[in-house]
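Chemist: What shape does this take:
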Amino acid sequence: MINTSSVMGNKRFAYLIVLTFIADSILLIAVQINSARNTKELIKNNNILLHELSSSNHLREIDRDILGVESRIRASIATNDTTHLNGVDQKIDEVENFLDSLSKDNADATEDKLIKRLGKLAMDKKIVKEKLLHRFHSIGDMDDQTSIANPRARKISNEITDITAKIYKSRRLQMADLSRKNAEMGNKAKMYDISLLALLVLSGSIIGYHIIRQFRRQHLLIKELDVSEKKASVAAQTKENFLANMSHEIRTPLSGILGFTNLLQKRPLDETSKEFVSSIQRSGENLMAIIND
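Modeler: Residues are numbered from 1 along each chain as shown. The predicted structure is shown next:
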């Protein structure tokens, strides 16, 4: 009974080891997949944040560049010098290219409208510059004081500053939202990984407990087997001693019976007595053979 239960226990223990190994492997794979996915998502969001930060810094430069173009136009009118207009087209083109890139990747309709409006105002500066050059080539001067004193020019400059500020604020809110999502994702990934690792530790503790339990059980079985062997050895020795004593006690009188039987056979007996003596001798010899074995 002990051997049967021990074999069954060993089989269950082997199954437990295999199942625990499979479960731990699945958990480790899940941890790796989740970590890789979260890392990839965090890298993606960080790249977006870097792009937004670069765009926000560039927006400040756009505001400065457009207002710088306005200052060059005013300087060229005030001094009647076309050299102040050098590089204006390049600046406006750079602004246009950047605004186009912002508009292409933008999903916010309100912000996209502001970007397009800013692009139109930048193009207006380019048109003003072309008009001044046309005037210079036509009449030989750019002394157009109406352009300097025009309230609309000041209004456009203020609108440019206001639009860039709104776009910058919108981008800053987007960056704050991305930062918050990154933090939440990082905390979620951390908790998920901690939970899976806790499950791994728990499963390891369970299997460790069962291993220790199995070792203790095997130790108890070994002790029981040792005790049983000792008891069997004592019983066998007792039996052997008993049989040895019994054979000695039986052999002595049996030898006497056989001796007297031989003596009787040497005396003259009738047929019936001879038969009885022969029967006694055969039975005694058979019994002696059994004792000797």
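
Chemist: Only C-alpha atoms from now on, for both contacts and neighbour counts.
Modeler: Will do.

Chemist: Break this structure into its domains for me.
Modeler: 2-219, 235-292 (automatic domain parsing).

Chemist: wait, which of those domains is closest to D226?
Modeler: domain 2-219 (10.5 Å; CA to CA).

Chemist: how far is that closest one from where the chain is centred?
Modeler: Put simply, domain 2-219 sits 27 Å off its chain's centre (CA atoms, centre = their mean, to the nearest Å).

Chemist: from here on, count from 18
Modeler: Taking 18 as the first residue, the last one we looked at is domain 19-236.

Chemist: Export the domains of the chain to JSON lines and append columns for mean neighbour count and mean pLDDT.
Modeler: What follows is the domains of the chain, written out as JSON lines (neighbours: other CA atoms under 10 Å; pLDDT from 0 to 100):
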{"stretch": "domain 19-236", "mean neighbour count": "15", "mean pLDDT": "73"}
{"stretch": "domain 252-309", "mean neighbour count": "13", "mean pLDDT": "76"}
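
Chemist: Can you work out which other helices and strands pack against the helix or strand containing Q231?
Modeler: Counting by DSSP states H and E, the element that carries Q231 is helix 168-282. Under the contact definition 3 or more CA pairs under 8 Å, 6 or more residues apart in numbering; DSSP states H and E, helix 168-282 sits against helix 19-96, helix 126-156, helix 288-309.

Chemist: between those, which one is nearest to S222?
Modeler: Nearest to S222 among these is helix 19-96 (10.8 Å), distances taken as CA to CA.

Chemist: other SSEs contacting that closest one?
Modeler: By 3+ CA pairs under 8 Å, 6+ apart, helix 19-96 packs against helix 105-121, helix 126-156, helix 162-166, helix 168-282.

Chemist: how near is V244 to S250?
Modeler: Look at V244 and S250: by CA to CA, to the nearest Å, they are 10 Å apart.

Chemist: again, but for I79
Modeler: To S250, I79 is 103 Å away according to CA to CA.

Chemist: same question, T100
Modeler: From T100 across to S250, the span is 121 Å (CA to CA).

Chemist: Ok, L280 next?
Modeler: Taken as CA to CA, the span from L280 to S250 is 44 Å.

Chemist: Contact partners for L84?
Modeler: The contact partners of L84, by CA atoms under 8 Å, 6 or more residues apart in numbering, come to S174.

Chemist: Could you rerun that using 10 Å?
Modeler: By CA atoms under 10 Å, 6 or more residues apart in numbering, L84 lies in contact with E78, I90, A139, K142, I173, S174, N175, I177, T178.

Chemist: and if you look at F38?
Modeler: Y32, L44, S220, G221, I224 are the contacts of F38 under CA under 10 Å, 6+ apart.

Chemist: Does the second one touch G221 like I think?
Modeler: No - taking contacts as CA atoms under 10 Å, L44 lies outside contact range of G221: 11.9 Å.
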